[in-house]
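K.L.:
sequence and predicted structure, then a few things I'm wondering about:
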Amino acid sequence: MRMGEDLRLGLNLGYWQRHADDATETVLAAERLGYDSVWTAEAYGSDAFTPLAWYGARTSRIKLGTSVAQISARTPVATAMTAMTLDHLTGGRLLLGIGASGPQVVEGWYGVPFPRPLARTREYADIMRQVWCREEPVTSAGPHYPLPHPGGTGLGKPLKLITHPLRADIPLYLGAEGPKNVALAAEIAHGWLPLFALPGEIERMYGDALAGARPGFDIAAMVMVLITDDVRAALDGVKMMLTLYIGGMGAKSRNFHADIVARMGYADAAQKIQELYLAGRKDEAFHAIPDELADGISLVGPAGRIRERLQPWRDSPVTTLLAMGPRDEPTLRTVRDLVLG
């Protein structure tokens, strides 16, 4: 497992909030400054692929990642076609991150069943790789994505991708939080996209799950980076984000973000935060988040403080730091100098 090597640096733009967000100038600045990659996301607003196509048409070097594209939003072959097309148009720069999302979004927004996300992800990845390899017409025994469809008219036939992909093995990343899902990423993917990570706890929490990873496996951790002299305000910004994810991004009986915080050693806090949030007491939920947790998963404060707090990330298995937050060129430059300097 990698320890103490240089980190790669990427920029995670996330998904659009209330208003459309064309981050072209930010992406162009990141490319000029030597960032390795830029990533987009989707929830139930903007999609992950269209902004990447937009940015890819305006750049020439920076890699383009989805963090993550939700597997329930598209059939496996639809995602495979989209990935192949975008990879061609950008000269082989796509990094395809996929994830299962959660039952509220999958069943409430996409209208499909959520159960067995690991089995669905494995089957999904297998079908996409069949599409890209073009060794033979694509088939799948299912049970989640049977090809050809066993019902309907009965006229379905196995097909082979018309276009020859630029790359037959587009790098695949999994957004994963639970140990079994991380183990699946290590087994079948090129990388893992952790949303929340305490660098000093990664080996304890996921060492066994990562044991089977291929050489060069990329752990691309999303880390909120806020450069400011006001550490208190910066920590509060991280806590606002955590309040939403721990408290409201999932049902009380199934919230993967609360689960991971519990496994980090904050089980009592996670339970209290979720109970307060779901009871409508959001301000109390915010204040229930430990500063230590918010500080541990982020990099906030003056540049000197961030430089010191980068060392645990350098000593961890993380190989790529995906900065969330920086948008203007001076801040992007400072982050670059801190991480890559």
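P.N.:
Great, that's in hand.
K.L.:
CA atoms of the lowest-mean-pLDDT helix or strand in the chain as PDB?
P.N.:
Sorted by mean pLDDT, DSSP states H and E, the helices and strands of the chain end with helix 256-261, the least confident at a mean of 90. Coordinates of the C-alpha atoms in helix 256-261 are reproduced here as PDB (Å, rounded to 0.1, in the frame of the first residue of the first chain):
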ATOM      1  CA  PHE A 256     -24.300   5.700   4.300                       C
ATOM      2  CA  HIS A 257     -22.700   9.000   5.200                       C
ATOM      3  CA  ALA A 258     -23.800   8.600   8.800                       C
ATOM      4  CA  ASP A 259     -22.500   5.000   8.800                       C
ATOM      5  CA  ILE A 260     -19.000   6.000   7.700                       C
ATOM      6  CA  VAL A 261     -18.800   8.800  10.300                       C
END
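K.L.:
show me what that helix is packed up against.
P.N.:
For helix 256-261, the helices and strands in contact under the criterion 3 or more C-beta pairs under 8 Å, 6 or more residues apart in numbering; DSSP states H and E are helix 231-248, helix 267-278. For glycine as for every other residue, the C-beta is placed from the backbone atoms N, C-alpha and C.
K.L.:
isn't there a helix covering G10?
P.N.:
No - judged by DSSP: H, G, I helix; E, B strand; the rest coil, G10 forms no part of a helix; its state is strand.
K.L.:
and M224, which of the helices and strands packed on helix 256-261 is closest to it?
P.N.:
For M224, the closest of the helices and strands packed on helix 256-261 is helix 231-248, at 5.5 Å, according to C-beta to C-beta.
K.L.:
and that closest one, what does it pack onto?
P.N.:
Helix 231-248 sits against strand 218-227, helix 256-261, helix 267-278, helix 282-287, helix 291-296, strand 299-301, with contacts defined as 3+ C-beta pairs under 8 Å, 6+ apart.
K.L.:
flag every buried residue along it.
P.N.:
Neighbour counts over helix 231-248 (16 or more other C-beta atoms under 10 Å) mark 234-239, 241-243, 245-248 as buried.
K.L.:
dump the helices and strands packed on helix 256-261 into a markdown table; add mean pLDDT and distance to L293 as well.
P.N.:
Below are the helices and strands packed on helix 256-261 laid out as a markdown table (pLDDT from 0 to 100; distance: least, C-beta to C-beta, whole Å):
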| stretch | mean pLDDT | distance to L293 |
| --- | --- | --- |
| helix 231-248 | 94 | 7 |
| helix 267-278 | 94 | 7 |
